[in-house]
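Enquirer: coords below, sequence missing:
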């Protein structure tokens, strides 16, 4: 089945209008059932791709990989601050994370601890067959711990 450029452009615009991220395309505000942050993120191991929403004043959401490491949930950017979502976190650490249909209001805290980086790389390598840990070992890469927001 062949699609014309106009048809593909229309489908793209339709997808962007729905607010949810689609594959590699960012979206806006996430929908879901707001839940209190869990004390243990192990349940998230069953979900390969989660959605991260940044920039609360003008929501920007992406599909992302993330892992439970102990009682914490970690995400990483191999491109460091080249990712728009990482720059948004730098400006405002308040984020929302959707796992399945559950939505969590959290705060992203950058970790500079080499132990966190190694635990993150180990967990991501175990969870995602296609993951290349060497990309995340670059000096630009950043790791974030998602934790409950402060009152």
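Expert: That came through, no problem. The structure presented is a predicted model; accordingly, all values stated were derived computationally and were not measured. Numbers count the residues shown, from 1 in each chain.
Enquirer: hey, let's count contacts and neighbours off CA atoms from now on
Expert: Fine.
Enquirer: Surely residue 65 and residue 49 touch.
Expert: Yes - between residue 65 and residue 49 there is a contact under C-alpha atoms under 8 Å: 5.3 Å.
Enquirer: among the helices and strands of this structure, which has the poorest mean pLDDT?
Expert: Least confident helix or strand of the chain, by mean pLDDT, DSSP states H and E, is helix 5-17 with a mean of 47.
Enquirer: Touching whichever helix or strand comes after it from outside, list them.
Expert: For helix 5-17, the following helix or strand on the C-terminal side (DSSP states H and E) is strand 33-35. Applying C-alpha atoms under 8 Å, 6 or more residues apart in numbering, the contact partners of strand 33-35 are 101, 102, 103, 104, 105.
Enquirer: who's in contact with the fourth one?
Expert: By C-alpha under 8 Å, 6+ apart, the contact set of residue 104 is 34, 35, 36, 37, 96, 97, 98.
Enquirer: I'd like to know which of those are buried.
Expert: Applying 16 or more other C-alpha atoms under 10 Å to those, the neighbour count classes 37, 96, 97, 98 as buried.
Enquirer: Now residue 72. Its backbone dihedrals?
Expert: Dihedral angles of residue 72 (phi, psi; degrees, to the nearest 10) stand at phi -110, psi 160.
Enquirer: now swap in residue 130 and tell me
Expert: Residue torsions, per degrees, to the nearest 10, at residue 130 are phi -90, psi 0.
Enquirer: low-scoring stretches of this protein, by residue?
Expert: Applying pLDDT under 70 to the chain flags residues 1-18, 23, 132-139, 151.
Enquirer: Paired strands for the strand ranked longest in it, with orientation please.
Expert: Ordering each strand of the chain by length in residues (DSSP state E) puts strand 102-111 first. Using DSSP bridges, strand 102-111 pairs in its sheet with strand 33-35 (parallel), strand 94-99 (antiparallel), strand 142-148 (antiparallel).
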